[in-house]
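>>> The following block contains a protein sequence and its predicted model.
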Amino acid sequence: MTRLVNRDRSLEELEHDRWSVPSGGETRLMATVRELRGRPIGGLTVEDMRLLIGQNVGLAHLLPLAVEVLRIDPLAEGDMYEGDLLAAVLTSSAEVWSEFPALEQKVRLIVSELADVPPALKGQVDGFLAP
């Protein structure tokens, strides 16, 4: 069953976990991830979700939101390429999908209804749909 997500709260609040800046500094990617974790999840853009999901951050809260976006626009685009949000979702591990089987079924339906799979997504789609 998909849990209800409080869109006014940040991942930090939802997960009760505030990340501090490492003493040795951090990469730009990790600084961005840390900053995004402090924003209300309802205000995250497609690109924000793509980046966080691609880093396996906040999946329990972000995958349901991403699926909502993908239902409307399966090829929703962040800053990379058409369908990059779907690509991030599809590359989530099998362990993730075993925790969220209802979401997996929704993603399978979305993918199965794609008329034309862009070449950039072909590998991820085939891998996700493989038995």
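Great, that's in hand.
>>> Going by C-alpha atoms from here, please, whenever you check contacts or count neighbours.
Noted.
>>> Tell me how far residue 63 lies from residue 26.
26 Å (CA to CA, to the nearest Å).
>>> more crowded one of the two?
Each of residue 63 and residue 26 has its neighbours counted (other CA atoms under 10 Å); residue 63 has more, 23 against 12.
>>> part of a helix, is that one?
Yes. The assignment for residue 63, made by DSSP: H, G, I helix; E, B strand; the rest coil, places it in a helix.
>>> And the pLDDT at it?
With respect to pLDDT, residue 63 has a value of 96.
>>> which parts of stretch 35-46 are buried?
Neighbour-count burial for stretch 35-46, counted by 16 or more other CA atoms under 10 Å, picks out 36, 37, 39, 40, 41, 44, 46.
>>> so of the residues you listed, which ones are in helices?
Residues of the buried residues of stretch 35-46 located in helices (DSSP state H): 36, 37, 46.
>>> Kindly indicate which of those lies nearest residue 17.
Using CA to CA, residue 37 is the member of these that lies nearest residue 17, at 9.4 Å.
>>> doesn't residue 10 make contact with the closest one?
Yes. Between residue 37 and residue 10 there is a contact under CA atoms under 8 Å: 6.0 Å.
>>> in this structure, which residue is closest to the centre?
Closest residue to the average C-alpha location of the chain: residue 53 at 3.4 Å, with CA atoms, centre = their mean.
>>> Residues contacting stretch 39-57, please?
Applying CA atoms under 8 Å, 6 or more residues apart in numbering, the contact partners of stretch 39-57 are 6-11, 33, 36, 58-59, 62-63, 66, 76-79, 84-85, 88-89, 91-92.
>>> Would you show me how to pick out the buried ones of those residues in PyMOL?
Those of these that count as buried under 16+ other CA under 10 Å are selected in PyMOL with:
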select buried, resi 7+9+10+11+33+36+58+59+62+63+66+76+77+78+84+85+88+89+91+92
